[in-house]
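[1] Quick one: sequence plus predicted model below, questions after.
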Amino acid sequence: MHAIGIIPARYASTRLPGKPLVDLGGKSMIQRVVEQARLSSLSRVVVATDDERILEHVHGFGGEAVLTDPDHPSGTDRVFDAYQQLGVTADCIINIQGDEPFIHPAQINALVALFEGEKAPQLATLVKPVLSEDELFSPHLPKVVLDSQGYAMYFSRHPLPYQRQYESVQWLAHHRYLRHIGLYAYRPDVLAAITKLPPSSLEQAESLEQLRWLENGFRILTAETELETIGIDTPEDVERARKLLKMTA
């Protein structure tokens, strides 16, 4: 089983410029992501970046990185660019978010395991049970509806399903909601195919790229995790991460 992890890392960020290089307890964010990914079953971990500063930094701490086209519209496109540059053949490619310094190796392994059977899925991602109303109604935490086989039917920033017989404060008591964790796995041929798709109407409505894949007939298998991850999007997130690192040191 040959699984490659690719971490897209852009320098530009509206809310946090230079985000991959932000210091978190003496190490950059991108270094922490790489180190966590290396603890998993992945055979190789590569950073895909659009910036020479990030490239040099990753090489400086002994990581592997490639320089990709700065005009890629999404992390998926950047991952495919990097994979092509590597010139290798993998059974699956894992897209690891470059702003998740606390990613758990077990979460990566859960996706890799889905590709070890006789018939590998086209795509895979992680889901996690929703535990609070804040999670359920936050538009920043996409929710997902699954079919009976664990394949995603739809992703939304709104809680689905809408339970018309109950007040919204009762929804969690009467239905098991799942939120999406943005870790993706692809078969190489499927990754090549989805990067050729134009933006879809559902994707544009929800601002969720995975809806483009569903709308075009691709199937996304899910694995469930109970583990929490912490994404870094704002200066406030950086401070929370630094406090957490001090508590766990």
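    Here it is on my side, so go on.
[2] tell me what the helix or strand harbouring Ile4 is packed against?
    Following DSSP states H and E, one finds Ile4 within strand 3-9. When contacts are defined as 3 or more CB pairs under 8 Å, 6 or more residues apart in numbering; DSSP states H and E, strand 3-9 sits against helix 29-38, strand 44-49, helix 75-86, strand 92-95. Backbone N, C-alpha and C define where each C-beta goes, glycine included.
[3] Output the second one as CSV, nothing but the C-alphas.
    What follows is strand 44-49 as a C-alpha-only set of coordinates in CSV (Å, rounded to 0.1, in the frame of the first residue of the first chain):
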residue,chain,number,x,y,z
ARG,A,44,5.8,10.0,2.0
VAL,A,45,4.8,13.5,3.2
VAL,A,46,5.3,16.5,0.8
VAL,A,47,4.4,20.2,1.2
ALA,A,48,2.9,21.8,-2.0
THR,A,49,3.5,25.5,-1.8
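[4] Buried residues in the strand holding Ile4, which are they?
    Neighbour-count burial for strand 3-9, with 16 or more other CB atoms under 10 Å as criterion, is recorded at 3-9.
[5] which of those residues sit farthest apart?
    Spatial extent of the buried residues of strand 3-9 (CB to CB) is set by the pair Ala3 and Ala9 at 19.4 Å.
[6] And Phe102, how far from Gly25?
    In this view, Phe102 and Gly25 are 12 Å apart by CB to CB, to the nearest Å.
[7] Those two: who's more crowded?
    Taking other CB atoms under 10 Å, Phe102 and Gly25 do not tie; Phe102 has more neighbours (18 against 14).
[8] Got phi/psi on the more buried one?
    When read as degrees, to the nearest 10, the backbone of Phe102 gives phi -110, psi 20.
[9] and it, how far is that from Ala124?
    Phe102 is 21 Å from Ala124, by CB to CB.
[10] just Ser43 next, same as before
    If you measure Ser43 against Ala124 using CB to CB, the figure is 17 Å.
[11] for Asp99, same thing?
    When distance is defined by CB to CB, Asp99 is 21 Å away from Ala124.
[12] These two: who's more crowded?
    When Asp99 and Ala124 are compared for neighbours, Ala124 comes out ahead with 27 against 24, by other CB under 10 Å.
[13] Just say helix, strand or coil for that one.
    Put simply, Ala124 is strand when judged by DSSP: H, G, I helix; E, B strand; the rest coil.
[14] count of neighbours near the nearest residue to Asp233 once chain neighbours are set aside?
    Leaving aside its chain neighbours, Asp233 sits nearest to Arg15 (5.8 Å; criterion: CB to CB, 6 or more residues apart in numbering). Look at Arg15: counted by other CB under 10 Å, it has 11 neighbours.
[15] Just the pLDDT for Arg15.
    Each residue has a pLDDT score; the one for Arg15 is 73.
[16] Show me where the protein has its strands.
    Counting by DSSP state E, the chain has strands at residues 3-9, 23-24, 27-28, 44-49, 64-67, 92-95, 123-129, 143-146, 152-156, 178-186, 220-224.
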